[in-house]
Each structure stands twice: as structure tokens, then as C-alpha cells.
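A.B. asks: A structural model of the following input is requested.
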Amino acid sequence: MPMFEEKPLIGMVHLKPLPGSYHYNDNFDDIIDFAIKEAKKLEEAGFDAVMIENFGDAPFKKEVDKITIASMAVIAKAIKEEVSLPLGINVLRNDAIGAYSIAYVVKADFIRVNVLSGVAFTDQGIIEGNAHELAKLRKLLPSKVKVFADVHVKHAYHFMDFETSLLDTVERGLADAVIISGERTGKEVDIKNLKLAKELVDVPVIVGSGINYSNLKILWNYADGFIIGTWLKKDGNVKNEIDINRAKNIVNLANELKICQF
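C.D. replies: This next block holds a predicted model:
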């Protein structure tokens, strides 16, 4: 992952409900301001990158409405203007085309795709991989934007076994990196899956959920990067805003681990 330092910490900015979503409160300016504030906390703490997602938009759709794409593009552009960190885009539930479109126009650095390859059984129904459509768009609009793809994404059941899904995501889905998560938001990853991913694929392996101060040291040698969201929040509650002290503490730990590995 040349855009990052070694073993980057990617901090999540969970966006408040956007226009068109069930819980939207009719104040878009406040949503932008909150997102910038959260991203600046991650930058101040020393994170290596920030990723935004429309976390507050439940119940989610497989592909989002145009107003969601427009809203996220505006927010992403505002963050780019205020924060120097690499920026990632995740459009829930699985709008890879929307995510790449946003990333392309705001010059973001990567996107997260929850189901790039295979089939997932989710609360939105059956979600099918969209690797072909995304590859066509990347061919039409080449850019530096990397595709980070989940393998057995959280909040879902999967038709294929983990090893097959892993290999297909890289070899047939053309993922630039794979993300391995726990079963739900904030749940710890199965270390056996991390080890298997590191053995079988030659792209970066990123932990996508459940990272906290206690387990980062344990998982450090089994992954190439870490997406951190829930634990950074006040009291470890995903609904709260980022606690800058928690963010600084886990960055300090990561820096210590980087020193120890040499």
C-alpha cells in the first residue's frame, strides 16, 4: 500500500444520516461540519488515513439514491480541503460504482467494497458481487483509486467458504487489498482467517472490525493494516463521536509496535 506508511491505521468517520435517509434531520451543514471535525481528530491523533461511510443511513439499500452520492461527494471534498490524510470512501450497503465515482471526482485514494465477488445473504436481501461493473468503470476512468474488498463481509452469511471467497476476490475480482472482519460492527476478527489470508494472497490484508487497544498487539503480525472505528468512540460506543485520547493512545501503541518489529 504505497500511499500509506507501513501497517497503516485507517480511522473511520461514521457520517450522520444523510439527505434522503430515514433519520435525516434536515441540516446538511451540520453533517459536513461534524465529518470534518471527526476527520481532524484522526489527523491530530496521527492516523495514517481516514475513511467515510454513510453509517447513519440505516436501513441501507444495495445501491444508494443519487442524493446520497451527491451528499457524500460534497462531504468528501470538504474533508479533502481541510485534512491532509489519504481518504477512503465506503458507500453502504454495496454501491461500488457510487464509491468509485465519488473517489474519482474528489481525488480520494481508495474505496471499500463490501461484496466485490461472490454472493452474500444480508438484511438487504441477496447481494451479488459487482467486480465486472467496477472493472469496466476503472477502465473507462483510470485513476490512482485502490479497491479494498471485504471477504465474508460482516452482517452477512456467505454461500462460498472463506478460502474460495478470498481467492476469488483477488484473482477474479481484482481487489487491490482484502479486508477481513468479524461478524458484526465492532466484533473481533477470526485470527485463523487473517493467517490464511496472509498465506494465500499477495495483496495487503487489512483488519476491518473489532480492533481495540488490547488486541492490536496480538493482531499486529497477522495483518498489513487496520481499520478502526467503534473503539475510537467515547466509551467505545459506535454512536458517539471520536474520543481524541483513545485515538492518540492507539496511535502511540502502533508506533511502539512499529519500532519493536525492527
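A.B. asks: can you pull out the helices in the chain?
C.D. replies: In the chain, the helices defined using DSSP state H lie at 28-45, 66-82, 96-106, 131-140, 162-171, 191-200, 216-219, 244-260.
A.B. asks: any idea which of these gets closest to K233?
C.D. replies: Closest to K233 of those is helix 244-260 (C-beta to C-beta; 7.7 Å). Yep, even glycine has a C-beta here, placed from its N, CA and C like the rest.
A.B. asks: what's the pLDDT at K187?
C.D. replies: For K187, the model assigns a pLDDT of 88.
A.B. asks: hey, what's the most centrally placed residue in the chain bridged with?
C.D. replies: Closest to where the C-alpha atoms of the chain average out (C-alpha atoms, centre = their mean) is R112, at 5.0 Å. Judged by DSSP bridges, the bridge partners of R112 are F148.
A.B. asks: what's the spacing between it and H158?
C.D. replies: To H158, R112 is 17 Å away according to C-beta to C-beta, to the nearest Å.
A.B. asks: show the contacting residues for F28.
C.D. replies: Going by C-beta atoms under 8 Å, 6 or more residues apart in numbering, F28 touches L18, P19, S71.
A.B. asks: now with 6 Å?
C.D. replies: By C-beta atoms under 6 Å, 6 or more residues apart in numbering, no residues touch F28.
A.B. asks: how about G118?
C.D. replies: Counted by C-beta under 6 Å, 6+ apart, G118 has contacts G129, M160, S165.
A.B. asks: reformat those residues as a markdown table; add distance to I228.
C.D. replies: Formatted as a markdown table, these follow (distance: C-beta to C-beta, whole Å):
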| residue | distance to I228 |
| --- | --- |
| G129 | 26 |
| M160 | 28 |
| S165 | 24 |
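A.B. asks: most surrounded residue in these?
C.D. replies: S165 (25 neighbours; other C-beta atoms under 10 Å).
A.B. asks: so that one is in contact with V153, correct?
C.D. replies: No. S165 lies out of contact with V153 (C-beta atoms under 6 Å); the separation is 9.6 Å.
A.B. asks: check which helices and strands the lowest-mean-pLDDT helix or strand in the chain sits against.
C.D. replies: Least confident helix or strand, the chain: strand 156-158 with a mean of 91, by mean pLDDT, DSSP states H and E. Applying 3 or more C-beta pairs under 6 Å, 6 or more residues apart in numbering; DSSP states H and E, we find strand 156-158 packed against strand 119-122.
A.B. asks: can I get the strand it packs on in PDB, CA atoms only?
C.D. replies: The C-alpha trace of strand 119-122 is given here as PDB (Å, rounded to 0.1, in the frame of the first residue of the first chain):
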ATOM      1  CA  VAL A 119     -22.900 -13.700  -3.100                       C
ATOM      2  CA  ALA A 120     -23.900 -12.500   0.400                       C
ATOM      3  CA  PHE A 121     -27.100 -13.100   2.200                       C
ATOM      4  CA  THR A 122     -27.900  -9.900   4.200                       C
END
